[in-house]
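Asker: sequence and predicted model, in that order:
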Amino acid sequence: MQVHFIAIGGSAMHNLAIALSRKGIEVTGSDDEIFEPSLTRLKKQGILPPDLGWDAARIHKDLTAVILGMHARADNPELLAAKELGIPIYSYPEYLYEQSKDKIRVVIGGSHGKTTITSMLLHAVAKIGLDVDYMVGAQLDGYDCMVKLTQEAKFMVLEGDEYLSSPIDRRPKFHLYRPHIALLSGIAWDHINVFPTFENYVSQFETFVSLIEPNGALVYNQEDLEIQRLAQNASNISLFPYQTPVFEPNANGTLLTFDEQQYQLQVFGAHNLQNLMGAMYVASQMGIDPHSFLNAMSDFTGAGKRLQKVVSEGSFVLYKDFAHSPSKLKATTSAVKQQYPDREVIACMELHTFSSLQKAFLPQYEGAMDAADHALVYFSPEVVEHKKLPALDPEEVKAGFGGAVQICTQTQDVLAFIEAQDWHHKVLLMMSSGNFDGIDYDALGQKLCASLNA
């Protein structure tokens, strides 16, 4: 087999390319730009394109398939050549389905918590010794590739993203996986450039539920009213609701009570523990009993960039988190304040995604950071312009969030605010799908720790 990747440098695409190469498939690829860590990882695997740019000559009749990434345009010369030669063209999720047609497919969906739930599940199955194939949408600690494809594994665990599949396939990715076991964590409007109304967005999840294989299973968060409605209208599948468990924060994380037994966990926060319950019920459908699952989770510290502790010094701690949507922001800020009720929580977040930088979406953020003692919101006017969006007024952002939120439009102003604080008995929470346009969290953490001892 020979497979060619158009836009091989993407975060998802390069992981699939590496996985196919490791499976013994001949892989080639192209892209007009490849950044780290994709560049080094493709080079190490021996599949880094020799030159940047598109070249129709790379497409030939001996190719088994072409996989098209979202970064490519519909008029890409390699794509046009593949169409002319009649070579099968797949989106990333389509090809994952092709590779897992004979497996039991487990798909983790929802507006939030997908990566965390998937990583929890993978952590448990690894400790228990159950071999699974997988695809995760973010880099996790301890994994050198976020896609694994084998002939032998019985299960394929897939993080089910609701965004579009490719430039020529406008279906949401998770519509293509057809799960036997599915999970939905919750629905909170996102990707408004693609789904212009909340109703349109919800309908994508309704379609997802309808595509669960007959006699399959849906594990769902019964505390989310939209998910609850979708589950109640589902037919020909088994339903397994979950909710936030009984828990108590402690110095080591969380003491969780389930089925009259207690389990010490390192993760904390109601949202994280709700995710844990979802992963547990999915694991149960895969043949892992709850007691074994919860014992396996005792040393789980979290998914990469999801409430990840950067530094801790005395009464100061710094966390970074991927939170950027209103629901994620609220859950993360609340979790940190609940875990540290006697410390002042200073939360900084960056508006970075297409949705978050639109004036019409800003009211969705109202009250999202109310749990913090001090909240700062940063956005870059240059990024707004680069995304070809109307300019944002800081006062519009402030009004959208409500409350006493401080607005910054320069990275140096964010750093100046942070470095001016006395960090004794405080928690700093940095939340973004970016990095505040250049803030090195590790270096910042070390600098703040040094200031405590000055």
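Answerer: Happy to help now that I have it.

Asker: name the helix or strand for the one residue sitting closest to the centre of the chain, please.
Answerer: Nearest to the mean C-alpha position of the chain, by Cα atoms, centre = their mean, lies residue 115 at 4.4 Å. Element membership for residue 115, per DSSP states H and E: helix 114-128.

Asker: give me the helices and strands touching that helix, please.
Answerer: strand 104-109, strand 132-135, strand 155-160, helix 270-285, helix 290-296 (3 or more Cβ pairs under 8 Å, 6 or more residues apart in numbering; DSSP states H and E). For the C-beta atoms, the positions are set from N, CA and C on the backbone; glycine is no exception.

Asker: distance to residue 250 and mean neighbour count added to the ones you listed, as TSV?
Answerer: Putting the helices and strands packed on helix 114-128 into TSV (distance: least, Cβ to Cβ, whole Å; neighbours: other Cβ atoms under 10 Å) gives the following:
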stretch	distance to residue 250	mean neighbour count
strand 104-109	28	27
strand 132-135	32	24
strand 155-160	30	26
helix 270-285	13	24
helix 290-296	16	18
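
Asker: could those go into TSV alongside distance to residue 231?
Answerer: Shown next, in TSV, are the helices and strands packed on helix 114-128 (distance: least, Cβ to Cβ, whole Å):
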stretch	distance to residue 231
strand 104-109	13
strand 132-135	24
strand 155-160	16
helix 270-285	13
helix 290-296	20
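
Asker: out of the ones you listed, nearest to residue 252?
Answerer: For these, the distance to residue 252 is smallest for helix 270-285, at 14.4 Å, taking Cβ to Cβ.

Asker: what packs against the closest one?
Answerer: Helices and strands touching helix 270-285, by 3+ Cβ pairs under 8 Å, 6+ apart, are strand 104-109, helix 114-128, strand 181-184, strand 217-221, strand 238-242, strand 253-258, helix 290-296, helix 326-339.

Asker: now find how far off-centre the first one is within its chain.
Answerer: With Cα atoms, centre = their mean, to the nearest Å as the basis, the distance from the averaged C-alpha position of strand 104-109 to the chain average is 15 Å.

Asker: what angle do it and helix 114-128 make?
Answerer: Angle, strand 104-109 to helix 114-128, by axes from the mean of the first three to the mean of the last three Cα atoms, to 10 degrees: 140 degrees.

Asker: including mean pLDDT and distance to residue 427, could the helices and strands packed on helix 114-128 go into CSV?
Answerer: Formatted as CSV, the helices and strands packed on helix 114-128 follow (pLDDT from 0 to 100; distance: least, Cβ to Cβ, whole Å):
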stretch, mean pLDDT, distance to residue 427
strand 104-109, 98, 29
strand 132-135, 97, 33
strand 155-160, 98, 29
helix 270-285, 97, 16
helix 290-296, 98, 27
